[in-house]
Structures are given as structure tokens and as C-alpha cells.
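Participant: no sequence for this one, just the structure:
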Ligand code: SF4
Ligand code: SF4
């Protein structure tokens, strides 16, 4: 039997089934142990440091106890601490991105995804480089600066060279004042060699959802294709890091397996990356199974309600305070509103989840034929930006860290010392100003400029504030763009 070892490079040792089961037993036994729970909550609370705040985070066992606890007062405390952590490290900023689907050709048999090989009624499509250009122009015209590219696994139709060409095309398009400044990549598990190539192409974060950490379920849900190999998939982030990619993004698809199991597995994966590479995941995504062509989410009997989903999000926030958390347009405006307070730091906006879903369509038109899942939040980017501001959040299009080489452990070191706060806030305001000037509706501009005025006062260092004001003036009065700290 495999023995739990977070430092091991073998999937069954760092995501160890016995350790997860033991964790769930421990959590169940202690879910009403209030003295222990108070101790865990105290550990999770952000503490004032010389510069900003520090947070200890929680182990998978500690966080699992909180997740198991059903006491409404404790849950309220968890939510409150999640909000405190969110404010301490991310302030009221929310980073915005959009997905770009390149190809839905896929040789895998994932039971929960409409792109699975056996789905014969979905049209298959792969963007040409000219079509990638058109999509990027449409995304730039919406105001996006940060993309997550998505493609099925298909060595013939979507080889790594195709992905690299697309990345190159995306970075090369500069339409009007538009610019895609960070391309995150969500493609299938691959080799160290290919990760090196992605790194050289200048990608931001490499994102790969585990889908489920439960090996038996994983094998059943991925009956055919290369993705069937649980170990190869689970060890992908180690290969990505070996290939030089510093920022990796984890995620599970909630609804496939029992959420408490997934939660413990996810945190053990984060602990493993920290133990082996000295840096935890850059982001964690929390998608839930959604309806799509050939997919009925009720067929998966582990669906979770909105309350449980909120609790999971808050507990992740307590466990890994320095990791960005992403919520997509899979979720409704209501759910997104609630989760923003509990630790989410990135949202997508104006998203299309079909191949070629942006170019040639107006804000309220969306093609459904090649959609990967139903988009619940169908608002335009302008509406999402205004909604964020009206609920007190600064929409940020910032991509500064990755371009300044602040990735991996350098990013984490800055983040942990509270220094990142000196950059994020002014960068958020300057990129928001670019958005307002170049792409926003009048109504959104009005809300936005007022917000910038108010938020400027919060920049603590006078010099930084002065420079920011200078740059804001440049953005408003000229076509000078792309200022950052
Ligand atoms: S989840 Fe990914 S690998 Fe699986 S069928 Fe869909 S596109 Fe292919
Ligand atoms: S300065 Fe860095 S951490 Fe802050 S918003 Fe920009 S990219 Fe993110």
C-alpha cells in the first residue's frame, strides 16, 4: 500500500487515498470539537505584520475539520475570516479575464464534457490563425487584456505546434489600443519538453483541472483516451514546473465525486507543490458540473448546493491565503456576488465557451453549437465591470507581475511580505482607466471615474500616488497605455 508522502513525485503517494480517508474520519470526529475549531480559526486569521499582513494557512486536515463543521456560528466565522483574508491580500480588486476556445477536437472520453470523442452530434471546429486573429480583435474590442486559451487533447488536430502558433498570433495582435498581455493556457497534461516550449512562448499560468482526485472515479469518468492515465494527469504540474513554468493553476470539477474528498485532495496537491517546488499553486478554480450538449449534470449524483459551494470556497481561502481563486461564468450573477466576498480574486466576463464564439457576434448573440458548457452569467463585459464597481470592487486588467518576472517563488515572496499591495492597487486603477477610456459605455465610465477618484486616496505612498495620477492623466488625454508598477 502506498504511504502518504507530500514530497514524493508519485501521484498515489502525494494524493494518498488512505490519508484522505483518514482526514475525513478525523474531520468527522472533530466537527463538533469547538475548542479545536477555535484554535484552527485563530491560526487562519490574518495577523498584522511590519508590512501588511501575514497568514499561516491551514493543513488539509485542519481545513477539513472546518468544512465538516455544520454549526451556523462557526460557518459565519469562517466566512468572516475568508473576507478578512481577501481584503488583507487582494483588497477590493478583482482581476478580469476571458476564455478563448481554440479547438474542440478531442480524443478523450470524459463523461462530463460534450467534446468527448463519442459525441457525434457536436460540430468539430478548430480556429485557423486568421480566425484566432479575428477572435483576439473581438476580445480586444471588448477590453480584455488577459486570456485563458482552451483546447481539447488531439495530437493530430491540436499538436503543441498549433498551440504555440496560436499563442504567438495572440501576442502579435495590436488592434487600436488593444493588447493581450497575458495568455494563460489550459491544455491537456503533456511532457516536460512541451512545457518548456510553452514557457518559451511566454505563457502566464498553466492551468489543468484534476477533475477528481478520487482515482477509482477518475478511471470511470475517463474511460478512454490518454487522459485515462490518472498518474500521468496528476503528476502533470510537477512536469510543468520541471519545464520551467512557475505559475500553475489547480482545480476540481465539483459534482463528480464527494466534495469533502475532493477538497482534501486539492489541498494535498497544493501542499505537495509547496513541499517539492517551494511554491504553491498560483490559482485554484472552483468549477461545478454544468449542463451541455450530451451532458446532464443530474447524472452525476454528487452535485453541491450553493451554500456548500460557498463554504468550500471560504475554506479554501483560509487554507491557501496566497493563492488566487477563480470563478467563471459557469456560475450565476447571484452565486458570483456571494463568492466574491469569500475570497475569489479573479472572474471571467463576457465569456463565450464555444470555438469561434466572439468574432462576428454582438454582445447579446452567442453561438451554442460548439459550447463546452452553458454560460450562466451571460452579461457583457461592460455590464460585469459596472456590476463589480457598483458592489465596491475594482475591476483590474493588470498583468504586471508576470511581465516584470514576478512569477513563482518571487511572486509568492512579494505576496507574503505584503509588498504586492503597493503594486496591485495603482495597477488596477490604471488598467481600469484604460478600459473606461477605450471600451466602456458612458454609464460605466461615470461609475468608474468616480471610483478611481475615491480609490486614489487609498494609495499609501505619496510618490506612488503622484506617479499614478500622472499616468491616469496620460491615459485620459492620449493614446499612451500600459503603465504599471
Ligand atoms: S474535458 Fe478536456 S479532455 Fe475531456 S473531453 Fe473535454 S476537452 Fe477533451
Ligand atoms: S500587480 Fe501582480 S498580483 Fe497585483 S494584480 Fe497585477 S499581476 Fe496581479
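Facilitator: Looks like it arrived, so ask away. Every value quoted in this text rests on a predicted model; they were computed, and no experiment measured them. Ligands and ions are numbered 1, 2, ... in the order given.

Participant: how's this protein carved up into domains?
Facilitator: 92-260+281-311+319-379, 414-477 (automatic domain parsing).

Participant: what about the first one, near ligand 1?
Facilitator: Spelled out, it's domain 92-260+281-311+319-379. Yes. Residues of domain 92-260+281-311+319-379 contacting ligand 1 under CB under 6 Å from any ligand atom: 106, 108, 110, 113, 115, 116, 152, 153, 188, 227. Bear in mind the C-beta positions are built from the backbone N, C-alpha and C, glycine included.

Participant: helix, strand, or coil at the first one?
Facilitator: For residue 106, the assignment made with DSSP: H, G, I helix; E, B strand; the rest coil gives coil.

Participant: and residue 176, how many neighbours?
Facilitator: Counted with other CB atoms under 10 Å, the neighbours of residue 176 add up to 11.

Participant: show the model's pLDDT score for it.
Facilitator: For residue 176, the model assigns a pLDDT of 97.

Participant: OK, contacts around it?
Facilitator: 140, 141, 438 (CB atoms under 8 Å, 6 or more residues apart in numbering).

Participant: adding secondary structure, neighbour count and distance to residue 63, write the residues of domain 92-260+281-311+319-379 next to ligand 1 out as a markdown table.
Facilitator: Below are these laid out as a markdown table (DSSP: H, G, I helix; E, B strand; the rest coil; neighbours: other CB atoms under 10 Å; distance: CB to CB, whole Å):
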| residue | secondary structure | neighbour count | distance to residue 63 |
| --- | --- | --- | --- |
| 106 | coil | 23 | 34 |
| 108 | coil | 19 | 31 |
| 110 | coil | 23 | 28 |
| 113 | coil | 23 | 28 |
| 115 | coil | 28 | 33 |
| 116 | coil | 22 | 33 |
| 152 | coil | 26 | 33 |
| 153 | coil | 21 | 32 |
| 188 | coil | 21 | 29 |
| 227 | helix | 22 | 28 |
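
Participant: quick one: which two of those are the most distant?
Facilitator: 116 and 188 (13.0 Å; CB to CB).

Participant: look at residue 417 and report its pLDDT.
Facilitator: 67.

Participant: going forward, count from 7.
Facilitator: Will do, 7 is the new start, and the previous item becomes residue 423.

Participant: phi and psi next, for the residue in the stretch 207-356 of the chain that ligand 2 sits nearest to.
Facilitator: Across the stretch 207-356 of the chain, the shortest distance to ligand 2 (CB to the nearest ligand atom) belongs to residue 330, at 7.7 Å. Main-chain torsions, residue 330, degrees, to the nearest 10: phi -70, psi 150.

Participant: return the helix or strand in the chain with minimum mean pLDDT.
Facilitator: Every helix and strand of the chain was ranked by mean pLDDT, DSSP states H and E. The lowest is helix 414-422, at a mean of 75.

Participant: got the buried residues for that one?
Facilitator: 414, 417, 418, 420, 421, 422 (16 or more other CB atoms under 10 Å).

Participant: so what touches the strand or helix carrying residue 477?
Facilitator: Using DSSP states H and E, residue 477 sits within helix 468-483. Contact partners of helix 468-483, identified using CB under 8 Å, 6+ apart, comprise 428, 432, 435-436, 439-440, 443, 458, 462, 465, 486-487, 489, 491.

Participant: which two among the residues you listed are spaced furthest apart?
Facilitator: Maximum distance among the contacts of helix 468-483 (CB to CB): 24.2 Å, for 428 and 443.

Participant: which parts of the stretch 257-406 of the chain are helices?
Facilitator: 265-283, 312-325, 339-347, 387-396, 406-409 (DSSP state H, counting those that start in this stretch).

Participant: packing partners for the first one?
Facilitator: Contact partners of helix 265-283 among helices and strands, from 3 or more CB pairs under 8 Å, 6 or more residues apart in numbering; DSSP states H and E: helix 17-20, helix 23-36, helix 66-74, helix 242-248, strand 254-257, helix 312-325.

Participant: next, the angle from it to helix 414-422.
Facilitator: Between helix 265-283 and helix 414-422, the angle comes out at 110 degrees (axes from the mean of the first three to the mean of the last three CA atoms, to 10 degrees).

Participant: from the middle of its chain, how far away would helix 265-283 be?
Facilitator: 16 Å (CA atoms, centre = their mean, to the nearest Å).

Participant: helices or strands up against the strand or helix carrying residue 172?
Facilitator: Using DSSP H and E, residue 172 falls within helix 166-178. Helix 166-178 is packed against strand 99-109, helix 135-148, strand 152-157, strand 188-192, helix 198-206, with contacts defined by 3+ CB pairs under 8 Å, 6+ apart.

Participant: residues of that helix that come out buried?
Facilitator: Within helix 166-178, judged by 16+ other CB under 10 Å, the buried ones are 166, 168, 169, 170, 171, 172, 173, 175, 176, 177.

Participant: between the residues you listed, which is closest to residue 357?
Facilitator: Of the buried residues of helix 166-178, the one sitting nearest to residue 357 (CB to CB) turns out to be residue 176, at 16.1 Å.

Participant: in contact with that closest one, which residues?
Facilitator: So residue 176 contacts 106, 138, 142, 153, 155, 186, 189 (CB under 8 Å, 6+ apart).

Participant: what sits against residue 231?
Facilitator: 112, 113, 114, 115, 116, 123, 159.

Participant: now the fourth one: closest residue in space, sequence neighbours ignored.
Facilitator: The spatially closest residue to residue 115, leaving aside those adjacent along the chain, is residue 230, at 3.6 Å (CB to CB, 6 or more residues apart in numbering).

Participant: any idea how far residue 303 is from that neighbour?
Facilitator: Distance from residue 230 to residue 303, counting by CB to CB, to the nearest Å: 21 Å.

Participant: circling back to that earlier point, can you list the helices and strands packed on helix 265-283 in TSV and add mean neighbour count?
Facilitator: Output for the helices and strands packed on helix 265-283, formatted as TSV (neighbours: other CB atoms under 10 Å):
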stretch	mean neighbour count
helix 17-20	20
helix 23-36	17
helix 66-74	24
helix 242-248	21
strand 254-257	23
helix 312-325	22
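
Participant: any chance of the ones you listed in JSON lines with mean pLDDT as columns?
Facilitator: Formatted as JSON lines, those follow (pLDDT from 0 to 100):
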{"stretch": "helix 17-20", "mean pLDDT": "98"}
{"stretch": "helix 23-36", "mean pLDDT": "98"}
{"stretch": "helix 66-74", "mean pLDDT": "98"}
{"stretch": "helix 242-248", "mean pLDDT": "98"}
{"stretch": "strand 254-257", "mean pLDDT": "98"}
{"stretch": "helix 312-325", "mean pLDDT": "97"}
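
Participant: now render these as JSON lines, adding distance to residue 409.
Facilitator: JSON lines is the format used below for those (distance: least, CB to CB, whole Å):
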{"stretch": "helix 17-20", "distance to residue 409": "32"}
{"stretch": "helix 23-36", "distance to residue 409": "38"}
{"stretch": "helix 66-74", "distance to residue 409": "33"}
{"stretch": "helix 242-248", "distance to residue 409": "20"}
{"stretch": "strand 254-257", "distance to residue 409": "18"}
{"stretch": "helix 312-325", "distance to residue 409": "27"}
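
Participant: in TSV: the ones you listed, plus distance to ligand 2.
Facilitator: Putting those into TSV (distance: least, CB to the nearest ligand atom, whole Å) gives the following:
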stretch	distance to ligand 2
helix 17-20	27
helix 23-36	31
helix 66-74	23
helix 242-248	20
strand 254-257	14
helix 312-325	16
